[in-house]
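Enquirer: sequence below, structure please.
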Amino acid sequence: MTDDRGSRRIVLVTGLSGAGRSTALKALEDDGYEAIDNLPLHLVETLLDETEAAALAIAVDVRQRRFDAASFLATMDRLRGRDDLVATLVFLTSDADVLQRRFTETRRPHPLAGDGPVAEGIEAERDLMRPVMEQADLAIDTTTMSGGDLRRHVGGRLGRDRSHGLSVFVMSFSYRMGTPRNADLVFDVRFLNNPHYVDGLREKTGRDAGVARFIEADRRFAPFFERFGGLVRDLVPSYADEGKSYLTIAIGCTGGRHRSVFVAERLAALLSEGGRRVGLRHRELSS
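Expert: Numbers count the residues shown, from 1 in each chain. Model (predicted):
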């Protein structure tokens, strides 16, 4: 076992039942982590001392007997204090109505519901896990995410090929479909001329050259992007200096297909110029 700090990585995956914990764990396994589901909490540190795995992903949740948030956080504190590890706590959450629908569709019992309604189990678990969520390094709200969205999100933020520095993600979205819950910075570009009202552009996207030319022809675009791009570019190193590991920048327009897509593409390209790896996703284009 090496003593170089950060040479080994451990990700503890937890959260509300039905929020996507298994999907997140599988995404990490696909990325090369050794993944273990529902490992008893008292065995986590023992496993670390007995394995030479460079990257571990372990799911710990309320299925364990007498799960205790204080004990969980005490274990996490010890892991964070070790010199041979980079330890990350990931917490998956979702709205109660979405969780209830997922349990209804799968016909699985909620681990804390007993013989009572699923809704009571969901609320009991949320109360129990609240202190853990407050200490998470990465909290992911999966309310509006598909399984594929969650896998891309986890892989992008925790992929082994990323450095331990700040990971930047740019995404476009539609205000009609709601503001992304996991965004750190949100920008509205609905003031730009809308290609949706132009015949021949309506069915295209912000990735299309014709749409790009239309948006660039708006006299407001060039001065806006010069200031906007410069602001974000200058802010990113400051977030890194403050120790932030993840920064998600969301750009929205009405339909999430034209203006926000184009601006997101341009911003991601700008932020990548210095060699920084920047993730890019267009939520309403499912890519």
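Enquirer: would you state the helices of the stretch 51-200 of the chain in chain order?
Expert: 69-81, 96-106, 118-134, 147-158 (DSSP state H, counting those that start in this stretch).
Enquirer: ok, residue 94 - contacts?
Expert: Residues near residue 94 by CB atoms under 8 Å, 6 or more residues apart in numbering: 16, 18, 19, 20, 102, 141, 142, 143. The C-beta positions use only the backbone N, C-alpha and C, and glycine is treated the same way.
Enquirer: about what we covered before: how about the helices of the stretch 51-200 of the chain in CSV, adding distance to residue 24 and mean pLDDT?
Expert: Output for the helices of the stretch 51-200 of the chain, formatted as CSV (distance: least, CB to CB, whole Å; pLDDT from 0 to 100):
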stretch, distance to residue 24, mean pLDDT
helix 69-81, 17, 92
helix 96-106, 15, 88
helix 118-134, 14, 92
helix 147-158, 5, 82
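Enquirer: select, out of those, the one closest to residue 209.
Expert: In terms of CB to CB, the element of the helices of the stretch 51-200 of the chain nearest to residue 209 is helix 147-158, at 26.0 Å.
Enquirer: give me the helices and strands touching that closest one, please.
Expert: helix 21-30, strand 85-93, strand 138-141, strand 167-174, strand 278-282 (3 or more CB pairs under 8 Å, 6 or more residues apart in numbering; DSSP states H and E).
Enquirer: let's see 7 Å
Expert: helix 21-30 (3 or more CB pairs under 7 Å, 6 or more residues apart in numbering; DSSP states H and E).
Enquirer: residues making contact with the helix it packs on?
Expert: 11, 13-15, 35, 37, 57, 59, 61, 90, 92, 147, 150-151, 154-155, 158 (CB atoms under 7 Å, 6 or more residues apart in numbering).
Enquirer: which of the residues you listed count as buried?
Expert: Listed as buried from these are 11, 13-15, 35, 37, 57, 59, 61, 90, 92, 150-151, 154-155, 158; burial here means 16 or more other CB atoms under 10 Å.
Enquirer: under the pLDDT cut-off, which ranges of the protein? List them.
Expert: Counting by pLDDT under 70, the chain shows low-confidence ranges at 1-6, 160-165, 243, 286-287.
Enquirer: could you redo the last one with a cut-off of 80?
Expert: The model of the chain has pLDDT under 80 over residues 1-7, 63-66, 106-107, 114-115, 152, 156-157, 159-166, 242-246, 274, 286-287.
Enquirer: what's near enough to touch the residue sitting furthest away from the middle of the chain?
Expert: No residue in the chain sits farther from the centre than residue 199, which is 36.3 Å out by CA atoms, centre = their mean. Listed by CB under 7 Å, 6+ apart, residue 199 has no contact partners.
Enquirer: now residue 216. Nearest residue, chain neighbours left out?
Expert: Of all residues beyond its chain neighbours, the one nearest residue 216 is residue 222 (7.3 Å), with distances taken as CB to CB, 6 or more residues apart in numbering.
Enquirer: what does residue 270 give?
Expert: Take residue 270 and drop its neighbours on the chain: the residue closest to it by CB to CB, 6+ apart is residue 229, 4.9 Å away.
Enquirer: I'd like to know which elements whichever strand or helix holds the one you found is packed against.
Expert: Here residue 229, judged by DSSP states H and E, is contained in helix 221-241. Under the contact criterion of 3+ CB pairs under 7 Å, 6+ apart, helix 221-241 touches strand 246-253, helix 259-272.
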